[in-house]
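> Mind folding the following:
(chains A, B and C)
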Amino acid sequence: MILIKRADPTAISHRIVEFNGMIFLGGLTADDKSQSVQCQTEQITAKITRLLESCGSDKSRILSATIYLTDIKTKVEMDRAWVAFLPKDDLPARATVGVAELGSPETRIEISVVAAK
Amino acid sequence: MILIKRADPTAISHRIVEFNGMIFLGGLTADDKSQSVQCQTEQITAKITRLLESCGSDKSRILSATIYLTDIKTKVEMDRAWVAFLPKDDLPARATVGVAELGSPETRIEISVVAAK
Amino acid sequence: MILIKRADPTAISHRIVEFNGMIFLGGLTADDKSQSVQCQTEQITAKITRLLESCGSDKSRILSATIYLTDIKTKVEMDRAWVAFLPKDDLPARATVGVAELGSPETRIEISVVAAK
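Alright, predicted model coming up:
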């Protein structure tokens, strides 16, 4: 049985779960939700970097991302922050969907990531 | 080529797909959809337990969950059932999103899970 | 460190990401979005076939699919195309959710897939 390693606990989850060379990050949101979607995206990508580095991976190792936006018209802003975040050759597979609501009315974007160690 | 094992078929899917030590469960909903979100969550978590045990895993081995709610205000109820379901040390990575609609008007929650064998 | 292989780049992603025997396909949409949901689904499943075959896999190796619909009432149409697409014994785990919006107003369906090599 291969070991599961969990880190960075919250009240309802672990933000990092490692298994067999893969890393699952929980859905991440910005801390300062008063900001624009572009700034919220930048806050989230900074978290992704920090979380991945904390377990010996890095942003060049992201396999797949699911991006939830409460207003699909903000996709342009998010895309700008996303491509600035990642080297062109390392862009992961991605699904982007416009959802009704996220964890709070101010949460305009949430990002889920699967990465390789 | 590593074998794929599929079990618990429905008309449009298999509820269990195993590959290389990982288990993918299809999006699960409650059978009795007249109930509250908390009760629907409890029905789903009972299904997760049953499905994982049927293939030699268990609820302590969940890696990642995606939880879809038709009303994000019911997240509190769902969270209550979720943390009661799982040992604190085994909480998986999780994304929670408020969606427009699920499979039927009464379906208020759907949960997708990736687990380790 | 296991190698990550990325292929079929877009401006914001790679449509194919391979790692450790798994294949992550980005969220796929139809090229001709003037068509019905059934026809959009058929366009997407043709893309899935092409992308998987381009990296030495095929549609019988799909592990999990997440299907986003902008109108859950179109699930029946989508289901019809989905079961016509796949051998009954190879149907993957699946979550189907009704979302507020997808990449453009005409995009009525987007499908994300994880497959085995």
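> Contact residues of chain A facing chain C?
Neighbours of chain C within chain A, by Cβ under 8 Å from any Cβ of the partner chain: A:20-22, A:61, A:63-64, A:66, A:70, A:72, A:75, A:79, A:82-83, A:88-100, A:114, A:116-117. Placement of C-beta: from N, CA and C, glycine included.
> where are the low-confidence patches of chain A?
Along chain A, no part satisfies pLDDT under 70.
> Show me the helices in it, by range?
A:37-54, A:75-85 (DSSP state H).
> Let's have the ones you listed in TSV, adding distance to residue C:51 and mean neighbour count.
As requested, the helices of chain A are arranged in TSV below (distance: least, Cβ to Cβ, whole Å; neighbours: other Cβ atoms under 10 Å in any protein chain shown):
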stretch	distance to residue C:51	mean neighbour count
helix A:37-54	25	18
helix A:75-85	21	18
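> who are the neighbours in contact with residue A:92?
A:62-65, A:86, A:113, C:6, C:13-14, C:17, C:24, C:26 (Cβ atoms under 8 Å, 6 or more residues apart in numbering or on different chains).
> Return the members of the residues of chain A next to chain C classed as buried.
Among those, those classed as buried by neighbour count (16 or more other Cβ atoms under 10 Å in any protein chain shown) are A:22, A:61, A:63-64, A:66, A:70, A:72, A:75, A:79, A:82, A:90-100, A:114, A:116-117.
> picking up where we left off before, between the helices of chain A, which gets nearest to residue B:48?
helix A:37-54 (25.2 Å; Cβ to Cβ).
> one step back: could I get the contacts of residue A:92 in TSV, plus columns for distance to chain B?
Below are the contacts of residue A:92 laid out as TSV (distance: Cβ to the nearest Cβ, whole Å):
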residue	distance to chain B
A:62	14
A:63	13
A:64	11
A:65	11
A:86	20
A:113	9
C:6	20
C:13	18
C:14	21
C:17	16
C:24	12
C:26	17
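> Please list the residues of chain A that sit near chain B.
Near chain B, when you scan chain A using Cβ under 8 Å from any Cβ, you find A:1-2, A:4, A:6, A:9-17, A:19-20, A:24-27, A:66, A:68, A:99-103, A:110, A:112, A:114.
> Now, these that are in strands?
A:4, A:6, A:9, A:14-17, A:19, A:24-27, A:66, A:68, A:110, A:112, A:114 (DSSP state E).
> Just the buried residues of stretch A:6-21, please?
Under 16+ other Cβ under 10 Å, the buried positions of stretch A:6-21 are A:6, A:8, A:12-19.
> Could you do stretch A:22-32 as well?
Applying 16+ other Cβ under 10 Å to stretch A:22-32 flags A:22-30 as buried.
> List every C-alpha atom in it, with coordinates, as CSV.
Extracted in CSV, the C-alpha atoms of stretch A:22-32 (Å, rounded to 0.1, in the frame of the first residue of the first chain):
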residue,chain,number,x,y,z
MET,A,22,1.3,13.1,-7.8
ILE,A,23,0.3,16.2,-5.8
PHE,A,24,-3.4,17.2,-5.4
LEU,A,25,-3.9,20.8,-4.2
GLY,A,26,-7.3,21.8,-2.9
GLY,A,27,-9.3,24.5,-4.5
LEU,A,28,-7.4,27.7,-3.8
THR,A,29,-8.9,31.2,-3.4
ALA,A,30,-7.3,34.6,-2.8
ASP,A,31,-6.8,35.9,0.8
ASP,A,32,-7.7,39.5,-0.1
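> Now do the contacts for the closest residue to residue A:94 other than its chain neighbours.
Leaving out its chain neighbours, the residue that sits closest to residue A:94 by Cβ to Cβ, 6 or more residues apart in numbering or on different chains is residue C:13, at 4.1 Å. Contact analysis of residue C:13 by Cβ under 8 Å, 6+ apart lists A:91-94, C:26.
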